[in-house]
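[1] Fold the following and give me the result.
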Amino acid sequence: MTYSKQKLTEEKVFKDPVHRYIHVTDQVIWDLINAKEFQRLRRIKQLGTTNLVFHGAEHSRFNHSLGVYEVVRRIIENGFQGRPEWDESERLLVLCAALLHDLGHGPFSHAFEHVFDLDHEQFTQAILTGDTEVHAILSRVRENFAEDVAAVIAKKYPNKQVISLISSQIDADRMDYLLRDAYYTGVSYGQFDMERILRVMRPKDNQVVIKQSGMHAVEHYIMSRYQMYWQVYFHPVSRSAEAILTKALHRAKDLYATGYQFEYAPRHLENFFNQTFSLGEYIDLDEGIVMMYLHEWTKEKDAILSDLSGRFIHRKLFQYVDYDPYKDKQKYADLRLLFQEAGIEPTYYLVMDSSSDLPYDYYRSGKEGERVPIQLLQTDGTLKELSSQSDIVDAISGKRRSDSKMYFPQEVLEARRGEEVIEKIWSLLQLDATN
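    This is a model prediction of the structure:
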């Protein structure tokens with residue numbers, strides 16, 4: 001029996017709080033789960049700094065990756081298997097892509113990427129195709145299998161059905177992280193009837209569609225996603241923590257560039273500071289290592305690095321006010337000058353942050369960021385785009401919502417009340433409007 005068809009002598013089952021059980025029968029999948037690059041995901045949190053707001057959000061990308069695999073497995077077995085529109089030979093490919101889609105995430109994901117100008121999707125593809133345990137396992141399936149998995153994740157694989165199961169407006173990735181993140185944060189916003197959606201998903205015309213009878217379940221899913229983004233993912237306090245983490249890493253990077261002698265040398269990060277790191281060094285890095293450095297940097301003689309690291313470690317976060325990046329450009333410039341005059345370095349202590357989300361959109365020719373729509377399969381076999389059938393979805397379709405905040409150390413300003421420059425800062429920030 002070829003490796004691609006080899007089954008485990010006994011099914012492996014993971015107990016999961018979201019899906020109850022995650023089932024593994026393929027030897028390939030079991031071997032990938034046990035590869036060191038996949039095990040590393042246990043040491044990368046799914047929600048970065050969100051645990052500083054929702055204390056239960058300690059779950060990892062390992063949890064989530066297993067969950068996405070399980071959702072895809074159920075879609076195939078419950079709605080696709082045996083249908084002429086589905087190519088069964090793609091089964092193992094899409095299961096591997098589901099399992100490995102987040103393989104390239106670094107510690108604290110987006111904050112780390114921002115500081116070092118990285119792209120986790122590129123590193124996912126590099127791990128899949130490079131000198132890794134994962135690549136060795138995938139290569140045993142067949143020649144170029146690893147490259148095909150990478151192509152699915154890069155959205156370049158010829159079979160669009162396979163891609164849409166992993167990445168679309170209603171895919172296994174989103175369905176798992178909404179339910180999983182809602183569970184671990186303790187909120188109810190992300191709940192929706194996934195079982196119903198899985199039962200009405202069908203392969204058709206090189207895409208994945210939803211039976212008309214499942215429209216209301218999809219409406220619920222889209223509104224749940226909308227609420228999760230604004231109540232959890234874009235929570236301003238979590239963004240404050242991420243801003244501090246980003247600034248602490250930036251400060252360490254800036255100090256390294258000047259030849260600063262660290263009390264605790266950042267040996268694991270030096271090659272990231274100078275952009276000479278290898279794939280192996282990237283894989284070796286996890287959140288435990290970054291946290292170790294942040295903890296040690298609280299004792300550094302550089303006051304800014306010590307303060308920022310301590311703020312993150314001990315959750316002494318920045319306060320925030322609403323900020324309009326279009327109307328308040330001059331205010332920000334004025335504040336930077338006032339911060340400098342007050343001896344508060346604005347590069348690290350005055351932070352603008354904007355978040356935006358487009359909950360649902362449909363194909364609009366010539367528009368930037370076109371999205372493949374969710375199609376509803378009618379009883380006569382025709383397809384109709386979701387927002388044309390749903391008043392709820394039509395109401396939010398194509399509408400991007402944005403939110404901008406300005407972050408700063410309010411307690412520092414409070415301690416210096418009465419100073420003329422501080423009073424000017426206080427007035428410009430309109431601190432009485434602080435949330």
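[2] low-confidence ranges in the chain?
    362-371, 431-435 (pLDDT under 70).
[3] the longest strand in it is where?
    Identified as the longest strand of the chain according to DSSP state E is strand 7-16.
[4] Give me the contact list for that strand.
    Identification of contacts with strand 7-16 by CB atoms under 8 Å, 6 or more residues apart in numbering yields Tyr21, Ile22, His23, Val24, Thr25, Asp26, Gln27, Trp30, Asn63, Leu66, Gly67, Glu70. The way it works is simple: take the backbone N, C-alpha and C, and place the C-beta from them, glycine included.
[5] hmm, which two among those residues are most spread apart?
    Gln27 and Asn63 (22.4 Å; CB to CB).
[6] Comparing the two, which shows the higher neighbour count?
    Asn63 (23 against 18; other CB atoms under 10 Å).
[7] domain ranges for the chain?
    Using automatic domain parsing, the domain parsing of the chain gives 3-233, 236-355+403-433.
[8] Can you pull out the residues in contact with whichever strand or helix holds Phe62?
    Element membership of Phe62, judged by DSSP states H and E, is helix 61-75. For helix 61-75, contacts defined as CB under 8 Å, 6+ apart pick out 14, 16, 18-19, 22-23, 29, 33, 38-39, 41-42, 44-46, 94-95, 98-103, 105, 165-166, 172-173, 175-177, 179-180, 194, 198, 201, 208.
[9] Can you select the buried ones from those residues in ChimeraX?
    Entered in ChimeraX, the line below selects the buried ones among the contacts of helix 61-75, by 16 or more other CB atoms under 10 Å:
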select :14,16,18,19,22,29,33,38,41,44,45,46,94,95,98,99,100,101,102,103,105,165,166,172,173,175,176,177,179,180,194,198,201,208
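[10] Quick check: helices, which of the contacts of helix 61-75 are part of them?
    If you go by DSSP state H, these have 29, 33, 38-39, 94-95, 98-100, 165-166, 172-173, 175-177, 179-180, 194, 198 in helices.
[11] With just CA atoms, put the helix holding Phe62 into CSV.
    Extracted in CSV, the C-alpha atoms of helix 61-75 (Å, rounded to 0.1, in the frame of the first residue of the first chain):
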residue,chain,number,x,y,z
ARG,A,61,-2.4,27.6,16.9
PHE,A,62,-1.9,23.9,17.4
ASN,A,63,-5.5,23.7,18.8
HIS,A,64,-6.8,25.8,15.9
SER,A,65,-4.9,23.9,13.2
LEU,A,66,-6.3,20.6,14.4
GLY,A,67,-9.8,22.2,14.4
VAL,A,68,-9.5,23.4,10.8
TYR,A,69,-8.4,19.9,9.7
GLU,A,70,-11.4,18.4,11.5
VAL,A,71,-13.9,20.8,9.9
VAL,A,72,-12.5,20.0,6.4
ARG,A,73,-12.7,16.3,7.2
ARG,A,74,-16.3,16.6,8.1
ILE,A,75,-17.2,18.7,5.0
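[12] so it versus strand 7-16, what angle?
    Angle, helix 61-75 to strand 7-16, by axes from the mean of the first three to the mean of the last three CA atoms, to 10 degrees: 120 degrees.
[13] how about helix 61-75: buried residues?
    Neighbour-count burial for helix 61-75 [16+ other CB under 10 Å]: 61-75.
[14] Return the member of these nearest to Val152.
    The closest of the buried residues of helix 61-75, once distances to Val152 are taken by CB to CB, is Val72, at 11.0 Å.
[15] And stretch 202-221, what's buried?
    202-203, 207-212, 214-215, 217-221.
[16] again, but for stretch 48-63
    48-54, 57, 59-63.
[17] now do stretch 397-407
    Applying a neighbour-count criterion of 16+ other CB under 10 Å, one finds Ser397, Asp403, Ser404, Lys405, Met406, Tyr407 buried in stretch 397-407.
[18] Output the helix ranked longest in the chain as PDB, nothing but the C-alphas.
    Assignment by DSSP H gives helix 236-257 as the longest helix of the chain. Output of helix 236-257 as PDB, limited to C-alpha atoms (Å, rounded to 0.1, in the frame of the first residue of the first chain):
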ATOM      1  CA  PRO A 236      -8.800  48.400  22.100                       C
ATOM      2  CA  VAL A 237      -7.100  47.100  25.300                       C
ATOM      3  CA  SER A 238      -5.700  44.100  23.400                       C
ATOM      4  CA  ARG A 239      -4.500  46.600  20.700                       C
ATOM      5  CA  SER A 240      -2.800  48.600  23.500                       C
ATOM      6  CA  ALA A 241      -0.900  45.500  24.600                       C
ATOM      7  CA  GLU A 242       0.100  44.700  21.100                       C
ATOM      8  CA  ALA A 243       1.300  48.300  20.600                       C
ATOM      9  CA  ILE A 244       3.500  48.100  23.700                       C
ATOM     10  CA  LEU A 245       4.900  44.700  22.600                       C
ATOM     11  CA  THR A 246       5.600  46.100  19.200                       C
ATOM     12  CA  LYS A 247       7.400  49.200  20.600                       C
ATOM     13  CA  ALA A 248       9.400  47.100  23.000                       C
ATOM     14  CA  LEU A 249      10.700  44.900  20.100                       C
ATOM     15  CA  HIS A 250      11.300  48.000  18.000                       C
ATOM     16  CA  ARG A 251      13.300  49.500  20.900                       C
ATOM     17  CA  ALA A 252      15.500  46.400  21.200                       C
ATOM     18  CA  LYS A 253      16.000  46.400  17.400                       C
ATOM     19  CA  ASP A 254      16.900  50.100  17.400                       C
ATOM     20  CA  LEU A 255      19.300  49.700  20.300                       C
ATOM     21  CA  TYR A 256      21.000  46.700  18.600                       C
ATOM     22  CA  ALA A 257      21.600  48.800  15.500                       C
END
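[19] Thanks a lot, catch you later.
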